[in-house]
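J.: Sharing a model that was predicted from the sequence below.
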Amino acid sequence: GIVFMTWFVPSGEVADQWTLERVRNNAAMKIKKEGREPTAEELTKAVQSVRHQWRIAADDVVLAIDAATGKTLWKRVFEDAGINWPMTKTRSWNRTPCAANGMVFVQGSLPQIYALDAKTGRNVWNAELPAYATMKAAKEASLKSGNRNGKELRGSAVAGLVVVGETLVCPDWRNGLVGLSLADGRQLWHLSGYTIGRNATPSRWTHQSKQYVIAPSSHSEQGRLTCIDPVDGRIVWSHTTVAPNHTSVCISGDILVAKSSLEAAPASAVGKTDQYTIMAAYRLGLDGPKQIWSLKEQGFHWDEETPALANGHVYAQLNPNTLACIELESGKFVSREQVGVGGGDACMAVMDGRVIVDDDGSHSDTSFHFFDATPAKLQRLGDVWTVPHMSTTAYHPALSFPCVDGRLIVRGGNAIYCYDLRKNVE
């Protein structure tokens, strides 16, 4: 298989002068604390050492790697096409690409889509999303003034991409969704408003041989599930009685697992959705979702978690520090373990009979817990394993990891790493 990565690299000569002035002032203060006056050379050196980090423009980069060998298959650079984003909390930055029909679709660091041939990297088409014109103008104004226009250069709910039928479903960078033609990038429809959660990726639901888009969303303390026809953007149904679903939902057949809210949550629950959020399962139909069970005794450990579905079961991290295996159809607990899995934004996957959990997908080091995925057992397999390479993270969008053909692929702070988890490897 192929591993696709995307990132941006600061480019151009114009850097944000406001930030560089702060760097200069901080360097001067530090030297003065040593009891002497800073020289012009010292201050210039301090600024020049970080100037490249604060360039306003950026190159968008896409890389294809052979999943078995790590060999670079191709690399595509879109010079000066993007913006150099300062990464801070609640940036809601989920630029996860997707691959389908021999193509890979990637979001730029400005609201645009690059459609590339998956084997060769050939640029087949580009498409501008609805927020592109405003943000491109803000970029040009920032380059002219030498100061970043922070208000206009902000994307909201930059969700991941998904192909549903012949439509590429994209965020509009303003909490809504856009449908583009796979063939040429033409905009087919646009749903504005709070249609997608801040860190979510829309899901694909297949029902009676037709595919639909399921979009989880959140606004303030309320949430919604929306079913969308990918052909024309028609809303098939909208369900508004769930808790805020900031992350993606899980679907198996006609059953969806999402977050719901305790009916009797106190007024003090406002702003504390993680404490009063519960897991619920819904049976999907063209007339809407019908709840079939909920876990009223235990909520999610945090409101950003997404469970894993495998072999008719749900594997989920529940509060407090509990890993549980639950029957998908009934909501019955099959097994649960107090495993000391803590943190926030846990990511998990089920592969080769193992449940693999990164207990904190948005902070600290990357550490994995391994468990026997046999529903009745759910036993820990060995000690917690912290990766030996430099870690990286993504706040709030939890940094997930692909598990393919017995290999665990992890994005590090300085490279991408592949670890072989297969047995009896020579």
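T.: Ah, there it is.

J.: now the longest helix along the chain: mean pLDDT?
T.: Using DSSP state H to assign secondary structure, the helix with the most residues in the chain is helix 17-33. In this model, helix 17-33 carries a mean pLDDT of 95.

J.: What residues sit buried inside the next helix or strand after that helix?
T.: Along the chain past helix 17-33, the next helix or strand (assigned with DSSP states H and E) turns out to be helix 40-50. Using 16 or more other CB atoms under 10 Å as the test for burial, helix 40-50 gives 42, 43, 46, 47. In short, each C-beta sits where N, CA and C put it, glycine included.

J.: In contact with the third one, which residues are there?
T.: So the one you mean is residue 46. Taking CB atoms under 8 Å, 6 or more residues apart in numbering, we find residue 46 in contact with 23, 24, 27.

J.: which SS state does residue 330 fall under?
T.: coil (DSSP: H, G, I helix; E, B strand; the rest coil).

J.: residues near it, how many?
T.: When counting by other CB atoms under 10 Å, one arrives at 11 neighbours for residue 330.

J.: just checking, it touches residue 293?
T.: Yes. Residue 330 lies in contact with residue 293 (CB atoms under 8 Å); the separation is 6.5 Å.

J.: Just want the angle from the longest helix of the chain to helix 40-50.
T.: Counting by axes from the mean of the first three to the mean of the last three CA atoms, to 10 degrees, helix 17-33 lies at 130 degrees to helix 40-50.

J.: what about helix 17-33, distance to the chain center?
T.: Here the centre of mass of C-alpha atoms in helix 17-33, compared against the chain's by CA atoms, centre = their mean, to the nearest Å, lies 34 Å away.

J.: Please apply the same query to stretch 408-426.
T.: Taking CA atoms, centre = their mean, the mean C-alpha location of stretch 408-426 is offset from the chain mean by 20 Å.

J.: circling back: what are the buried residues along the longest helix of the chain?
T.: 19, 20, 23, 24, 27, 31.

J.: Now distance to residue 247 too, for the residues you listed, in CSV please.
T.: Shown next, in CSV, are the buried residues of helix 17-33 (distance: CB to CB, whole Å):
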residue, distance to residue 247
19, 31
20, 36
23, 35
24, 40
27, 40
31, 45
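
J.: Farthest pair within those residues?
T.: Greatest spatial distance among the buried residues of helix 17-33 (CB to CB): 19 and 31, at 19.1 Å.

J.: list the helices and strands the longest helix of the chain packs on?
T.: Packed against helix 17-33, as judged by 3 or more CB pairs under 8 Å, 6 or more residues apart in numbering; DSSP states H and E, are the following elements: helix 40-50.

J.: Could you pull up the mean pLDDT of the helix it packs on?
T.: When the per-residue pLDDT values of helix 40-50 are averaged, the result is 95.

J.: Following it in sequence, what is the next regular element?
T.: On the C-terminal side of helix 40-50, the closest following helix or strand by DSSP H and E is strand 55-66.

J.: could I have the helix or strand following that following strand exported to PDB, CA atoms only?
T.: Beyond strand 55-66 in the direction of the C-terminus, DSSP H and E gives the next helix or strand as strand 72-83. Provided in PDB are the C-alpha atoms of strand 72-83 (Å, rounded to 0.1, in the frame of the first residue of the first chain):
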ATOM      1  CA  THR A  72       9.500   7.700  -1.300                       C
ATOM      2  CA  LEU A  73       7.300   7.100  -4.300                       C
ATOM      3  CA  TRP A  74       6.800  10.800  -5.200                       C
ATOM      4  CA  LYS A  75       6.700  14.200  -3.600                       C
ATOM      5  CA  ARG A  76       4.700  17.200  -4.800                       C
ATOM      6  CA  VAL A  77       5.300  20.800  -3.700                       C
ATOM      7  CA  PHE A  78       2.900  23.600  -4.300                       C
ATOM      8  CA  GLU A  79       5.200  26.600  -3.900                       C
ATOM      9  CA  ASP A  80       3.800  29.600  -2.000                       C
ATOM     10  CA  ALA A  81       0.300  28.200  -2.400                       C
ATOM     11  CA  GLY A  82      -0.500  28.300   1.300                       C
ATOM     12  CA  ILE A  83      -0.200  30.100   4.600                       C
END
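
J.: hmm, who's touching the following helix or strand past strand 72-83?
T.: Proceeding C-terminally, strand 72-83 gives way to strand 98-100 as the next helix or strand, assigned by DSSP H and E. Counting contacts by CB under 8 Å, 6+ apart, the residues outside strand 98-100 that touch it are 2, 4, 104, 105, 118, 160, 161, 162, 163, 168, 182.

J.: Report the beta-bridge partner residues of residue 213.
T.: Legend: beta-bridge partners of residue 213 under DSSP bridges are residue 204, residue 228.

J.: Please apply the same query to residue 64.
T.: Assessed by DSSP bridges, residue 64 has beta-bridge partners residue 4, residue 74.

J.: can you map out the helices along the stretch 101-250 of the chain?
T.: 132-145 (DSSP state H, counting those that start in this stretch).

J.: Could you list the low-confidence segments of it?
T.: 150-151, 154-157, 219-222, 241-243 (pLDDT under 70).

J.: again, only this time at 90
T.: Low-confidence segments of the stretch 101-250 of the chain, defined by pLDDT under 90: 148-160, 173-175, 192-201, 216-224, 239-249.

J.: ok, which stretches of it are strands?
T.: 103-107, 112-117, 123-128, 162-164, 167-171, 177-181, 187-191, 203-207, 210-219, 222-228, 235-239, 250-252 (DSSP state E, counting those that start in this stretch).

J.: nearest to residue 80, of those strands?
T.: strand 112-117 (12.9 Å).

J.: residues of that closest one that come out buried?
T.: The neighbour-count criterion (16+ other CB under 10 Å) identifies 112, 113, 114, 115, 116 as the buried residues of strand 112-117.

J.: From residue 244, how far out is the third one?
T.: Going back to what we said before, that points to residue 114. From residue 114 across to residue 244, the span is 31 Å (CB to CB, to the nearest Å).

J.: what does the last one give?
T.: Noted for residue 116: a distance of 34 Å to residue 244, by CB to CB.

J.: which parts of stretch 144-154 are buried?
T.: Burial within stretch 144-154, assessed by neighbour count using 16+ other CB under 10 Å, is assigned to 147, 148, 149, 153, 154.

J.: so what's the one residue sitting closest to the centre of the chain up against?
T.: For the chain, residue 94 is the residue whose C-alpha lies nearest the centre (CA atoms, centre = their mean; 3.8 Å). With CB under 8 Å, 6+ apart as the criterion, the residues that contact residue 94 are 158, 159, 160, 199, 200, 201, 397.

J.: Nearest to residue 309 among these?
T.: residue 201 (15.2 Å).

J.: was I right about the closest one contacting residue 164?
T.: No. Taking contact to mean CB under 8 Å, the distance of 11.5 Å between residue 201 and residue 164 leaves them out of contact.
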